[in-house]
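Trainee: kindly generate the corresponding structure for this input.
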Amino acid sequence: MVFVLVSAVVFAQQYTLTVNITGIKSIKGEIYVYLYTSEDGFPIKISKANSFKKAKVISNTVTMYFENLKTGTYAVSVYQDIDTNGKINQNFIGIPKEPVGVSNNAEGFMGPPRYEDAKFNLDSNKTIEIKLSKE
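Mentor: Residues are numbered from 1 along each chain as shown. Sure, this is the predicted structure:
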């Protein structure tokens with residue numbers, strides 16, 4: 001009976017992911033943080049994200065928390081919605097005009113960063129830092 005109780009506690013562990021967003025140049029607008037568990041939609045199809053958070057920008061650093069996460073592989077994308085229109089403004093070829101970033105500070109080559117470069121394993125409480133691109 002004790003073994004069953006102990007193994008249930010071990011397998012039911014949940015973790016907190018802390019995301020520190022740095023490199024914020026303009027203290028205005030909102031920060032959106034999206035959490036993905038697969039490459040489907042990463043990094044800009046926000047409707048495919050498993051979870052998201054948003055906060056008003058009031059300093060050069062914003063910290064967000066995703067709680068009660070299970071052990072697994074995740075990737076995070078972030079953008080600063082400077083004009084608060086609820087979307088990532090892009091130029092005519094699809095390059096974001098507002099600051100963006102992804103976990104591992106992965107960068108794309110001839111396109112957005114890949115999930116493979118941004119993913120990380122979560123098996124304990126973890127803190128990551130994402131530096132936003134220039135505005």
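Trainee: show me the shaky parts of the protein.
Mentor: Scanning the chain with the threshold set as pLDDT under 70 gives 1-12, 134-135.
Trainee: what about I130, neighbour count?
Mentor: By the criterion of other Cβ atoms under 10 Å, I130 has 24 neighbours. Heads up, the C-betas are built off the backbone N, CA and C, glycines and all.
Trainee: distance of the closest residue to P99 other than its chain neighbours from S38?
Mentor: Distance criterion Cβ to Cβ, 6 or more residues apart in numbering; nearest residue to P99, sequence neighbours excluded, is L132 at 3.8 Å. L132 sits 24 Å away from S38, taking Cβ to Cβ, to the nearest Å as the criterion.
Trainee: looking at these two, which one has more neighbours?
Mentor: L132 (22 against 14).
Trainee: that one and Q80 touch, don't they?
Mentor: Yes - if you go by Cβ atoms under 8 Å, L132 and Q80 touch, sitting 6.1 Å apart.
Trainee: shared neighbours of these two, which are they?
Mentor: Residues touching both L132 and Q80 (Cβ atoms under 8 Å, 6 or more residues apart in numbering): I24, P99, V100.
Trainee: by neighbours, which of these wins?
Mentor: Most neighbours among those, by other Cβ under 10 Å: P99, with 23 neighbours.
Trainee: now the strands for this structure?
Mentor: Ranges of strands in the chain, per DSSP state E, are 15-22, 30-36, 51-56, 62-69, 72-81, 100-102, 120-122, 126-131.
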